[in-house]
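[1] got a predicted structure plus its sequence, pasted below:
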Amino acid sequence: MGMPVSLQLPDLPEAGALADQAFDWLRQVDAVFSTYREDSEVSRLNRAALRSPGPELAAVLERCAELWRETDGYFDVYATGRLDPSGYVKGWAVQVASDRLVAAGATDHFLNAGGDLCARGRAEDRGWRVGIQHPFEPDRVAWVLEVTDLAVATSGRYARGDHIIDPRTGRPATALASVTVVGPDLGTADAYATAAMAMGEAGLTWLARLDGYGSAAITSDGRAYRSPDLPVVP
């Protein structure tokens, strides 16, 4: 998937096998959805070498269409001019892997893919602590969250530059430096963070209206905002 992926599991007899299954699933997702692999379904669909998408890609595209409507078109898998569902797929794939771990009995775990993560159960005697990187100072965190059975997605300009496109203008969205969304589903949180980045400062008002998802954002000129329900460590 072009990013580091880490998994923390409790000391279970089957922990090694469960970890292998989780990483095998993520490799399978990469084979279908990668925009960098010429043999992936997404790449073949982009160059019209695939007549119709397989069931997983079809289901993802259906959900992306729903998210396009939910975000007034700001989450757009065609914003770059080519199909790229990465803004949903990464979170969705990690959420599926996490749900499978829970179903297999690993109710306490922490699965992190390039800063987008699922924190399930507890870490020893408390929730999982998550530091949100400051977009302007790499050695600092902007917030520390404590989460239990929640997903955390962050979209920003500091890791990949101006890679998020405003679909209304076709130009990079630069008004916000980073957006973090916290909620029950990582795929949705990932898409919401991407959409808010694309909206620019209007995304701050949109984030505040989200039901069931907390948020935090830092503008490109350094102003910081967070919703009252964000689980920030005091």
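    The structure has been received and is ready for your questions. Residues are numbered from 1 along each chain as shown.
[2] next, Cys118: secondary structure please.
    strand (DSSP: H, G, I helix; E, B strand; the rest coil).
[3] surely it touches Leu111?
    Yes. Look at Cys118 against Leu111 with CB atoms under 8 Å: they come within range, at 4.9 Å. Glycine gets a C-beta too; all of them are placed from N, C-alpha and C.
[4] shared neighbours of these two, anything?
    Val94, Ala97, Ser98 (CB atoms under 8 Å, 6 or more residues apart in numbering).
[5] what is the nearest of those to Pro138?
    The closest of the shared contacts of Cys118 and Leu111 to Pro138 turns out to be Val94 (CB to CB; 23.2 Å).
[6] ok so, going back, by neighbours, which of the shared contacts of Cys118 and Leu111 wins?
    Val94 (29 neighbours; other CB atoms under 10 Å).
[7] residues in contact with Gly16?
    Gly16 neighbours (CB under 8 Å, 6+ apart): none.
[8] please report phi then psi for it.
    Dihedral angles of Gly16 (phi, psi; degrees, to the nearest 10) stand at phi -60, psi -40.
[9] confidence score at it?
    Looking at Gly16, its pLDDT stands at 95.
[10] same question, Val102
    Per the predicted model, pLDDT is 97 at Val102.
[11] relative to Ser43, how far out is the residue positioned nearest the centre of the chain?
    Nearest to the geometric centre of the chain sits Asp190, at 3.1 Å (CA atoms, centre = their mean). From Asp190 over to Ser43 the distance is 21 Å, taken as CB to CB, to the nearest Å.
[12] and Ala79, by the same measure?
    Distance, Ala79 to Ser43, using CB to CB: 17 Å.
[13] go on, Ile164?
    Taken as CB to CB, the span from Ile164 to Ser43 is 21 Å.
[14] Pro10 now?
    Noted for Pro10: a distance of 38 Å to Ser43, by CB to CB.
[15] the more surrounded of those two?
    Neighbours around Pro10 and Ser43, counted as other CB under 10 Å, are more numerous at Ser43. The numbers are 18 against 14.
[16] just the element for that one, please.
    In this structure, Ser43 sits in helix 41-46 according to DSSP states H and E.
[17] chain center to the helix or strand containing Leu204, what's the gap?
    Here Leu204 sits within helix 202-208, counting by DSSP H and E. Remark: helix 202-208 is offset 18 Å from the chain centroid, using CA atoms, centre = their mean, to the nearest Å.
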